[in-house]
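A.B. asks: Give me the fold of what follows.
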Amino acid sequence: MAEAWSRPALGPNGAVYLTIEGGDADTALSGVSASADVAALVEIHQTVLRDDGTMATTRISDVEVPAGPTVMMVPGGMHVMLVELAEPIELGDTFDMTLTFDNGTELTTTVEVRDE
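C.D. replies: Next up, the predicted model:
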């Protein structure tokens, strides 16, 4: 994983953006196997355009991570959703987040809260 970051979040939810670098073999990241102490629930979400022209986020259950290429989680696209924050996350804060892949690999990264 590279450069995980989040915007400040004063409300009940926040989001994390990051790059996942593919390894030697294809794998998948299950949304239910991500965790961070700052939130009650951590899910993978995708921002989508509805038929009525509005944007919404929807939970996705798996993220395919092909061998070699990278998977980008960016604002307005796929991202890690922090649901029910324990307390606001503020500019300059950091917290750890762990992603667990279907092959059992766990990756822990430090998320930096910054103003992007």
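
A.B. asks: need the contact list for the residue nearest in space to the middle of the chain.
C.D. replies: The chain has residue 80 as the residue nearest its centroid, 2.0 Å off, counting by C-alpha atoms, centre = their mean. Taking C-beta atoms under 8 Å, 6 or more residues apart in numbering, we find residue 80 in contact with 15-18, 34, 42-45, 73, 97, 99. C-beta here means a position set from N, CA and C on the backbone, and glycine is covered the same way.

A.B. asks: and the gap between it and residue 41?
C.D. replies: Between residue 80 and residue 41 the distance is 11 Å, computed by C-beta to C-beta, to the nearest Å.

A.B. asks: Likewise for residue 86?
C.D. replies: 11 Å.

A.B. asks: And for residue 23?
C.D. replies: According to C-beta to C-beta, residue 23 stands 27 Å off from residue 41.

A.B. asks: What of residue 18?
C.D. replies: Distance of residue 18 to residue 41, computed by C-beta to C-beta: 18 Å.

A.B. asks: more neighbours, the two?
C.D. replies: Ranked by neighbour count (other C-beta atoms under 10 Å), residue 18 and residue 41 place residue 18 first, with 21 against 14.
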